[in-house]
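S.K.: Quick one: sequence and predicted model below, then my questions.
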Amino acid sequence: MRTMSAAAARRTVLAAQGFGRPRPSKATRRTVLGVLGRTQLLQLDSVSAVVRAHYAPVFSRIGAYDRAVLDEAAWHGGTRRPRALVEYWAHEAALMPIEDWPLMRWRMQRYRHGRWAGMRAVVERNPTLGKDILDVITEVGAASAGEVERHLELDKPRPPGSWWNLSNTKMICEQLFAAGELSVGKRVGFTRHYDLAERVLPAEVFGRSVPEDEAVRELVLRAATALGVATETDLRDYYRLAGTQTRPALAELVDAGELIPVEVADWGAPAYLRAGAVTPRRVEGTALLCPFDPLIFFRARTERIFDFHYRIEIYTPEHKRVHGYYVFPFLLDGELVGRVDLRAERGTGRLLVPAAFAEPGRCDARTAQALSAALREMADWLELDDVVLGDRGDLMPILRAVS
């Protein structure tokens with residue numbers, strides 16, 4: 001069996017994800033979509049403490065770009081520039097290349113009665129609401145759940161409880177989205193406006209049917225392309241597949257020469273190298289990685305590759321947080337060397353940095369100087385005038401000194 005050092009595997013992973021490449025002098029639609037050609041998906045998340053999660057990984061790989069380019073590719077398709085991306089449950093809620101939508105039909109079939117028990121219960125209690133919603137959207141076009149609700153003249157109170165409790169109309173819209181009957185025609189202020197999937201997708205994409213085993217094999221291959229070298233668990237996590245699905249797919253892909261079994265030092269599990277994956281001699285450059293970046297969203301893999309223990313602390317009570325509310329790991333020349341808590345204060349034009357921490361042995365001027373430049377670059381991209389440093393973390397005194 002072929003062997004790889006942990007360092008070589010790490011460089012392979014970074015190259016597959018698009019790091020270490022020369023940044024374009026000007027970001028275009030092609031370079032923005034080129035990021036998707038490597039990551040295969042961008043996770044969506046509602047937190048906007050700095051910038052929405054799907055925008056940040058593109059910036060981390062190509063530098064400053066116009067976010068409207070990504071918006072247009074995902075939510076404003078037209079004849080001149082057809083829609084290139086579509087939303088669906090890939091890793092979690094995610095943007096993915098529009099041509100990959102049929103690879104999720106088996107999942108849509110499983111979700112036809114709802115993605116989870118609470119949603120299924122709402123479907124059972126409201127057996128005709130789905131048809132009513134489809135009728136409204138057929139007539140009026142892309143609409144938010146609130147707009148649909150108004151068209152149906154429903155005025156029912158939301159169930160008591162947490163923020164996750166949604167109106168029945170919203171629940172059924174989500175169920176129809178999960179089942180593939182609705183897609184997201186556009187977003188306005190990050191609110192989904194649902195439309196019939198057949199109107200969002202090109203006819204050849206909407207009409208394509210892919211058997212589950214073939215679809216899973218293609219998804220595992222896409223995960224391997226994005227990951228470079230990965231364990232079976234890594235590959236399974238990328239699209240939230242089951243082991244019973246991935247194991248047969250892996251065997252077929254190995255037989256076909258698409259994946260090469262490898263032993264990576266210190267990984268403690270069999271791994272698979274994507275055929276044709278590049279292992280550069282070095283990976284240079286800096287990047288601030290949002291918590292939902294595809295490089296790090298599988299925390300066990302992040303720890304295995306980078307020896308970097310990382311947990312998001314959004315839902316941790318403030319007094320129990322170790323590093324902060326919305327913490328970005330900092331990548332420097334192929335290693336995760338620190339982490340910073342960030343907040344974009346748009347009203348005052350400030351990028352707030354409440355805390356900055358270094359990894360063991362990396363609390364030095366080089367790390368601080370590189371981080372200072374990366375923070376300024378992010379602030380400029382977000383059109384924020386000032387970078388305001390706080391007082392928490394072992395790296396903060398040096399960061400203050402060099403900034």
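M.R.: In hand now; what should we look at?
S.K.: quick one: which helix or strand includes residue 377?
M.R.: Here residue 377, judged by DSSP states H and E, is contained in helix 365-381.
S.K.: Can you give me the buried ones in the helix or strand that comes right after that helix?
M.R.: Once the chain leaves helix 365-381, the next helix or strand it forms, by DSSP H and E, is strand 386-392. Using 16 or more other Cβ atoms under 10 Å as the test for burial, strand 386-392 gives 387, 389, 390. Where C-beta positions appear, they are placed from N, C-alpha and C, glycine not excepted.
S.K.: nearest to residue 125, of these?
M.R.: residue 390 (48.4 Å; Cβ to Cβ).
S.K.: where does that closest one land on pLDDT?
M.R.: Predicted confidence (pLDDT) for residue 390: 98.
S.K.: you'd agree it is up against residue 350?
M.R.: No. Contact criterion Cβ atoms under 8 Å: residue 390 and residue 350 do not qualify, at 11.5 Å.
S.K.: for this structure, longest strand please?
M.R.: strand 335-345 (DSSP state E).
S.K.: Packing partners of whichever helix or strand comes after it?
M.R.: The C-terminal neighbour of strand 335-345 among helices and strands, as given by DSSP H and E, is strand 350-358. Contacts defined by 3 or more Cβ pairs under 8 Å, 6 or more residues apart in numbering; DSSP states H and E place strand 350-358 against strand 335-345, helix 365-381, strand 386-392, helix 396-402.
S.K.: how about CSV for the ones you listed, with distance to residue 70 added?
M.R.: Below are the helices and strands packed on strand 350-358 laid out as CSV (distance: least, Cβ to Cβ, whole Å):
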stretch, distance to residue 70
strand 335-345, 17
helix 365-381, 13
strand 386-392, 24
helix 396-402, 30
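S.K.: Out of these, which one sits most buried?
M.R.: strand 335-345 (a mean of 22; mean count of other Cβ atoms under 10 Å).
S.K.: how about that one as CSV, C-alpha atoms only?
M.R.: What follows is strand 335-345, C-alpha atoms only, in CSV (Å, rounded to 0.1, in the frame of the first residue of the first chain):
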residue,chain,number,x,y,z
GLU,A,335,-0.7,25.3,9.1
LEU,A,336,-3.4,26.4,11.5
VAL,A,337,-1.5,28.7,13.8
GLY,A,338,-4.1,30.7,15.7
ARG,A,339,-7.7,31.7,16.0
VAL,A,340,-9.5,35.1,16.3
ASP,A,341,-13.0,36.0,17.5
LEU,A,342,-14.5,38.4,14.9
ARG,A,343,-17.5,40.7,14.6
ALA,A,344,-18.4,43.1,11.8
GLU,A,345,-20.0,46.2,13.2
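S.K.: ok now it, how far from the chain's centre?
M.R.: Strand 335-345 has its C-alpha centroid displaced from the chain centroid by 18 Å (Cα atoms, centre = their mean, to the nearest Å).
S.K.: okay, the angle between it and strand 350-358?
M.R.: 150 degrees (axes from the mean of the first three to the mean of the last three Cα atoms, to 10 degrees).
S.K.: where does the chain have its least confident helix or strand?
M.R.: helix 117-125 (a mean of 86; mean pLDDT, DSSP states H and E).
S.K.: In terms of secondary structure, what does the next helix or strand after that one contact?
M.R.: Note on helix 117-125: by DSSP H and E, the next helix or strand toward the C-terminus is helix 129-140. Helices and strands touching helix 129-140, as assessed by 3+ Cβ pairs under 8 Å, 6+ apart, comprise helix 145-151, helix 168-178, strand 191-196.
S.K.: switch to 6 Å and redo it
M.R.: helix 145-151, helix 168-178 (3 or more Cβ pairs under 6 Å, 6 or more residues apart in numbering; DSSP states H and E).
S.K.: Those: lowest mean pLDDT?
M.R.: Looking at these, the weakest mean confidence is helix 145-151, a mean of 90.
S.K.: Only C-alpha atoms, please: export that one in PDB.
M.R.: This file holds the C-alpha atoms of helix 145-151, laid out as PDB (Å, rounded to 0.1, in the frame of the first residue of the first chain):
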ATOM      1  CA  ALA A 145     -43.300  31.400   3.500                       C
ATOM      2  CA  GLY A 146     -44.800  34.600   4.900                       C
ATOM      3  CA  GLU A 147     -46.000  35.700   1.600                       C
ATOM      4  CA  VAL A 148     -47.500  32.200   0.900                       C
ATOM      5  CA  GLU A 149     -49.200  32.400   4.300                       C
ATOM      6  CA  ARG A 150     -50.800  35.700   3.500                       C
ATOM      7  CA  HIS A 151     -52.000  34.400   0.200                       C
END
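S.K.: Report the spatially nearest residue to residue 171, omitting neighbours in sequence.
M.R.: Leaving aside its sequence neighbours, residue 171 sits nearest to residue 122 (Cβ to Cβ, 6 or more residues apart in numbering; 4.4 Å).
S.K.: burial of the one you found, as a residue count?
M.R.: 21 (other Cβ atoms under 10 Å).
S.K.: my guess is it contacts residue 170, does it?
M.R.: No. In this structure, residue 122 is not within contact of residue 170 by Cβ atoms under 6 Å, at 9.5 Å.
S.K.: Surely residue 273 forms part of a helix?
M.R.: No. Counting by DSSP: H, G, I helix; E, B strand; the rest coil, residue 273 falls outside a helix, being strand.
S.K.: That one reaches residue 263, doesn't it?
M.R.: No. In terms of Cβ under 6 Å, residue 273 does not count as a neighbour of residue 263; the distance is 10.3 Å.
S.K.: With neighbour numbers in mind, choose between these two.
M.R.: Between residue 273 and residue 263, counted using other Cβ under 10 Å, residue 273 has the larger neighbour count: 22 against 12.
S.K.: So in terms of bridging, what pairs with that one?
M.R.: residue 229, residue 260 (DSSP bridges).
S.K.: check contacts around it.
M.R.: Residues in contact with residue 273 (Cβ atoms under 6 Å, 6 or more residues apart in numbering) are 229, 260, 262.
S.K.: where does the stretch 251-400 of the chain dip in pLDDT?
M.R.: Scanning the stretch 251-400 of the chain for pLDDT under 70 picks out nothing.
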